[in-house]
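[1] below is the sequence, then the predicted model.
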Amino acid sequence: MSRGVGTREISALPYRNSSAIRNECKLADNLELPKQVTISSRRLRRFKWLIAGASVVVALVLCELLLRYSLFGSSLELGSQDPEFYARDVDEVWVYRYLFSANKRWVVGAGQTDAGGETQIEFYKRWPTSLVPDAELGYVRKPNVKVPCHETSNLATRATHDYAAGGRKIAFFGDSFVESAACSSDTLTAKIEKMTGIDTLNYGIGGYGLDQIFLYFQRVAPTLAGSHSLFLVGLIEDDLGRILLKVRTSPKPYFTIVDGKLVLHTDHIHADSLNDYYQKPPERFYLYYFLRGRLGYPVYRSMLNDTKDARQQATYALSQLLIRQFAQMRQQGGFDLAFVIFPTPGAPFDETIISMLHQQNIPVVDLQGCLRKTELPDRQLYAELHPTSLGNNFLAQCLVQNLGAQGLLQ
């Protein structure tokens, strides 16, 4: 009885054939499909973004590697090799100039000539010929050089003849404006010597700043003491900023101020391996700096703007102490001393420094207006930013007249 009842109950259920079941499964599958499609689409988009990101990273790495090769591995001079794009301080710009330059004609001890034709001035084509590394100053001029155009005297000055030890002399210290962008027979001091009849010693060395000029003066002045000599120190505006540098044409001495006194630093200068100082600065993402520079915002220019006031104050503080040192040496040595201010196109000399000289009762010969009086165009008076032979003729005349008017020439 119970079996029959069970049979009737089962038979009462709706009949579902295999076709209906398959249709229901397909319907269920179709209901799940949008969810699966959404998940797959998301995964695909993520994959595409990963591929795009990886491609960007690979492209950036390749560009960075190519840029580094153009900077440090290529012998060609390329537009990417602009030191101001990458330098983050005033020393790094000179390190990069060395690293990027294929022509080392200006490097002391390199022994290279101007193969690339960078200069038309004969003296500058082999400028370091008469120079030798120095553990204190970076480099100095050596005596008794006989190479044409680069001759030096027995006193290690630029000249085509030697000088007697005694007798009154004019000893002229300074940078390249005193050194002169000319052969030894046609320098500014050679013209002064001819005009005055007084032995005029050219202790000018290109690239020197006020700090190096003082140290060289401090070294040489005692050797001429008692000769009733006149000591001149020639300056241009750029000489002041150089006192903040640790390296320029070579690693150079620099001063810091501790308890109001000058402290000299020379430990980084190694005369036997002078140019080893030019090591690549700490790593950086060069592509960023390159793009920033190409867009007109080089990091070096921004750094100069941001630190302008601090650098100016440091320059004044160091200059004032150096000028005091000059004044003390003059007083102790009992010799005549005057500063000569040279004209430089577009860079008038800082009046604050001239005031510091006057405060120490040091005579100043300001030649900044000398060449303007000639009414000649700059192209006749200057070559590669330095006075030409004609320009030095006028400067020598103005200087001799001014020294005479101040009673410094007898």
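    Yes, it's here.
[2] not counting sequence-adjacent ones, nearest residue to Val400?
    Met195 (5.2 Å; Cβ to Cβ, 6 or more residues apart in numbering). (Glycine included, C-beta is placed from N, CA and C.)
[3] show me what contacts that neighbour?
    Applying Cβ atoms under 8 Å, 6 or more residues apart in numbering to Met195 gives the contacts 396-397, 400.
[4] tell me where the stretch 201-350 of the chain has strands.
    230-235, 254-258, 261-265, 336-341 (DSSP state E, counting those that start in this stretch).
[5] including mean neighbour count, could these go into CSV?
    Output for the strands of the stretch 201-350 of the chain, formatted as CSV (neighbours: other Cβ atoms under 10 Å):
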stretch, mean neighbour count
strand 230-235, 25
strand 254-258, 15
strand 261-265, 12
strand 336-341, 22
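[6] JSON lines for those, including distance to Lys104 and mean pLDDT?
    JSON lines is the format used below for those (distance: least, Cβ to Cβ, whole Å; pLDDT from 0 to 100):
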{"stretch": "strand 230-235", "distance to Lys104": "27", "mean pLDDT": "97"}
{"stretch": "strand 254-258", "distance to Lys104": "23", "mean pLDDT": "98"}
{"stretch": "strand 261-265", "distance to Lys104": "26", "mean pLDDT": "98"}
{"stretch": "strand 336-341", "distance to Lys104": "31", "mean pLDDT": "97"}
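[7] kindly reformat the ones you listed as a markdown table and extend each row with distance to Gln212.
    A markdown table is the format used below for these (distance: least, Cβ to Cβ, whole Å):
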| stretch | distance to Gln212 |
| --- | --- |
| strand 230-235 | 12 |
| strand 254-258 | 9 |
| strand 261-265 | 11 |
| strand 336-341 | 15 |
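[8] those: which one's closest to Asp91?
    Asp91 sits nearest to strand 254-258 of all the strands of the stretch 201-350 of the chain, at 9.5 Å, using Cβ to Cβ.
[9] among the strands of the stretch 201-350 of the chain, which comes closest to Arg88?
    With Cβ to Cβ as the criterion, Arg88 lies closest to strand 254-258 of the strands of the stretch 201-350 of the chain, at 18.0 Å.
[10] other SSEs contacting the closest one?
    Using 3 or more Cβ pairs under 8 Å, 6 or more residues apart in numbering; DSSP states H and E as the contact criterion, the elements in contact with strand 254-258 are strand 261-265, helix 308-333.
[11] and the shortest one, how far out from the chain's middle?
    Relative to the centre of its chain, strand 261-265 is centred 22 Å away, using Cα atoms, centre = their mean, to the nearest Å.
[12] isn't Val247 right up against Asp89?
    No. In this structure, Val247 is not within contact of Asp89 by Cβ atoms under 8 Å, at 10.7 Å.
[13] between the two, who's got more neighbours?
    Counted by other Cβ atoms under 10 Å, Val247 and Asp89 do not tie: Val247 has more neighbours, with 21 against 15.
[14] confidence score at the more buried one?
    Looking at Val247, its pLDDT is 96.
[15] what sits opposite it in the beta ladder?
    For Val247, the beta-bridge assignment (DSSP bridges) gives partners Pro251.
[16] got the contact list for the residue lying closest to Ile323 once chain neighbours are set aside?
    Spatial nearest neighbour of Ile323, excluding adjacent residues (Cβ to Cβ, 6+ apart): Met356 at 5.1 Å. Going by Cβ under 8 Å, 6+ apart, Met356 touches 319-320, 323.
[17] ok, these vs Gln212, which is closest?
    Minimum distance to Gln212 across those is 13.3 Å, recorded for Ser319 (Cβ to Cβ).
[18] hmm, the closest one is touching Leu210, no?
    Yes. The criterion here is Cβ under 8 Å, and Ser319 meets it with Leu210 at 6.3 Å.
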